[in-house]
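Student: this is a predicted model, with the sequence first.
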Amino acid sequence: MTKRLLIVAFVLAFGFAVNTTFAQNRGPSTPAERKRAVEIATLLENDPLNKDAKALSRELLVWLIEVPDISVKICTNVLGDYSKIKGDYAPTITTQMTFSEARFVIEHPEQANDEYQVYTAGVEGVLKTYQNIKKAKPKVRMEPLEELLVKQQAGQLADFIKNAMGGCKATQ
């Protein structure tokens, strides 16, 4: 495991442990909070280099940790060779996967337990975010995401996600 993946795993594990504490102290998310979460996730996907991106990302991440009724699973396998996702924007990519999945769960609560649909929403959000980063910073290149874009354009993304997510089931 790379150091970054270990840090992400620690943060997520700590967040889930904290989640149980906060869940005891508060009720489920409100419609206004869910609306705000969707707005932030969408803004960060469309404008990942927004001047307020760090503050908004922190706000959404803390909220996701606190609320007892919205949760997502992280499966980095669906991003290809995650160890090769490096550089200044790698944390943005990882958090956007979480945020795009959460947005999907909020907008489609009837499909919240369909891991394939949730992971697909996460990957599609990551790819859109990546493309928006590249528009602003053309020199940014992450090979695993480039490969996913090729699969997406060729209509092969769905099969890739189905196969890749199989490697995550044992750890969740």
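Tutor: Looks like it arrived, so ask away. Residues are numbered from 1 along each chain as shown.

Student: just give the closest residue to the residue most central in space within the chain, not the sequence neighbours.
Tutor: Nearest to the mean C-alpha position of the chain, by C-alpha atoms, centre = their mean, lies residue 97 at 1.5 Å. Nearest residue to residue 97 in three dimensions, chain neighbours excluded: residue 122, at 4.2 Å (C-beta to C-beta, 6 or more residues apart in numbering). In short, each C-beta sits where N, CA and C put it, glycine included.

Student: got the phi/psi numbers for that neighbour?
Tutor: Torsion angles at residue 122 (phi, psi; degrees, to the nearest 10) stand at phi -60, psi -50.

Student: residues contacting it?
Tutor: 72, 78, 97, 98, 100, 101, 104 (C-beta atoms under 8 Å, 6 or more residues apart in numbering).

Student: how close does it sit to residue 95?
Tutor: Residue 122 sits at a distance of 11 Å from residue 95 (criterion: C-beta to C-beta, to the nearest Å).

Student: over to residue 85?
Tutor: Distance of residue 85 to residue 95, computed by C-beta to C-beta: 12 Å.

Student: so the residue nearest to the centre of the chain touches residue 123, yeah?
Tutor: Yes - taking contacts as C-beta atoms under 8 Å, residue 97 lies within contact range of residue 123: 7.3 Å.

Student: who touches both of these two?
Tutor: Joint contacts of residue 97 and residue 123 (C-beta under 8 Å, 6+ apart) are residue 79.

Student: contacting residues around stretch 99-117?
Tutor: Contacts for stretch 99-117 (C-beta under 8 Å, 6+ apart): 34, 37-38, 40-42, 44-45, 57, 60, 64, 70-73, 75, 118-119, 121-122, 124-126, 129, 161-162, 165, 169.

Student: ok, of the residues you listed, which come out buried?
Tutor: Taking 16 or more other C-beta atoms under 10 Å as the criterion, what is buried in the contacts of stretch 99-117 is 34, 37-38, 40-41, 44-45, 57, 60, 64, 70, 72-73, 75, 118-119, 121-122, 124-126, 129, 161, 165.
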